[in-house]
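1. make a model of this:
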Amino acid sequence: MQKKVKKLLLMLTVMSAAGIAQPAAAQWYGGVSVGATDTKINNNDLAVPGSTANSFTRNDSDTGYKLQAGYRINPNFAVEGGYVDLGKYDLTNNVTAPFVGSVKGTGKADGWNLVGVGILPIGKDFSVFGKLGTIYSTTTVDLTTSGAVTLAGASANRKKSEWNVTYGLGLQYDLTKTISLRGEWERFDGLGNNGTNSTGERDFNMYSVGLIFKF
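-> Numbering: from 1, shown residues only. Predicted coordinates:
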């Protein structure tokens, strides 16, 4: 992950430096995007002490969305931020021996992000971009049990808010002078926490398509 961040940071630096010699193109914009989100859930997140036979069911993908506002400082660099909803996910541990029962965890992640965007025009209407920044994320997990499985004093409702790293790549096409179509991949690293009464720590990907409106 550190190597990816270093490469993106270098790309943003080069693009913004190149933009110094370009004509000014300062402009405000806003946008909305919708897409698929996914994460990787570890079975150990819902381990049941004493169980010897288990089966797991999971749903680690969902639909997410984001609302963003930004300021394009010059043709090669912009700053943007807003709200990101990464959707819900769940994991169920079904215990069949030496006792019978289950525990289910349903999680959700969202947050407010702020990123720098390095932009490289590749034609009259197309441009590619890379972004790097931070997100103040909130991860929540709610646990429910059935049968002989109990939480044994552990919290059923868990929450973790923190700062995390986010980065991504994308392609933008200018439909008109004021409206653009954007497709992008974004990564959100290390959301949540491990340990006692934890939400579990995991990375999220978001693959989205959206519209940008320039003012």
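
2. and the host helix or strand of Tyr71, what does it pack against?
-> According to DSSP states H and E, Tyr71 maps onto strand 61-74. Strand 61-74 sits against helix 2-19, strand 27-39, strand 77-97, strand 202-214, with contacts defined as 3 or more CB pairs under 8 Å, 6 or more residues apart in numbering; DSSP states H and E. For the C-beta atoms, the positions are set from N, CA and C on the backbone; glycine is no exception.

3. let me have those in JSON lines, extended by mean pLDDT.
-> Below are the helices and strands packed on strand 61-74 laid out as JSON lines (pLDDT from 0 to 100):
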{"stretch": "helix 2-19", "mean pLDDT": "46"}
{"stretch": "strand 27-39", "mean pLDDT": "97"}
{"stretch": "strand 77-97", "mean pLDDT": "97"}
{"stretch": "strand 202-214", "mean pLDDT": "97"}
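
4. dump the ones you listed into a markdown table; add mean neighbour count and distance to Leu120 as well.
-> Shown next, in a markdown table, are the helices and strands packed on strand 61-74 (neighbours: other CB atoms under 10 Å; distance: least, CB to CB, whole Å):
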| stretch | mean neighbour count | distance to Leu120 |
| --- | --- | --- |
| helix 2-19 | 15 | 6 |
| strand 27-39 | 17 | 17 |
| strand 77-97 | 19 | 10 |
| strand 202-214 | 19 | 16 |
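
5. so which of those is nearest Leu132?
-> Nearest to Leu132, of all those, is helix 2-19, at 4.7 Å by CB to CB.

6. what does the strand holding Tyr71 contact?
-> Contact partners of strand 61-74, identified using CB atoms under 8 Å, 6 or more residues apart in numbering, comprise 16, 19-20, 22, 24-39, 78-89, 117, 119, 206, 208, 210.

7. show me the contacts for the most centrally placed residue in the chain.
-> Nearest to the geometric centre of the chain sits Phe188, at 4.1 Å (CA atoms, centre = their mean). Phe188 is in contact with 84, 86, 109, 111, 135, 137, 164-166, 203-206, counting by CB under 8 Å, 6+ apart.

8. how close does it sit to Asn194?
-> Distance, Phe188 to Asn194, by CB to CB, to the nearest Å: 17 Å.

9. before we move on, what about Thr178?
-> With CB to CB as the criterion, Thr178 and Asn194 are 46 Å apart.

10. what about Asp62, distance to Val95?
-> On the measure of CB to CB, Asp62 and Val95 end up 26 Å apart.

11. do you know the pLDDT at Asn74?
-> Turning to Asn74, the model gives it a pLDDT of 93.

12. who does it form a beta bridge with?
-> Going by DSSP bridges, Asn74 is paired in beta bridges with Phe77.

13. sorry, back to before: report the angle between the strand holding Tyr71 and strand 202-214.
-> Counting by axes from the mean of the first three to the mean of the last three CA atoms, to 10 degrees, strand 61-74 points 50 degrees away from the direction of strand 202-214.

14. show me what counts as buried in strand 61-74.
-> Buried residues in strand 61-74, counted by 16 or more other CB atoms under 10 Å: Asp62, Gly64, Tyr65, Lys66, Gln68, Gly70, Arg72, Ile73, Asn74.

15. now that strand, how far from the centre of its chain.
-> Chain-centre distance of strand 61-74: 11 Å, with CA atoms, centre = their mean, to the nearest Å.

16. in three-state terms, label Asn44 for me.
-> Here Asn44 is recorded as helix under DSSP: H, G, I helix; E, B strand; the rest coil.
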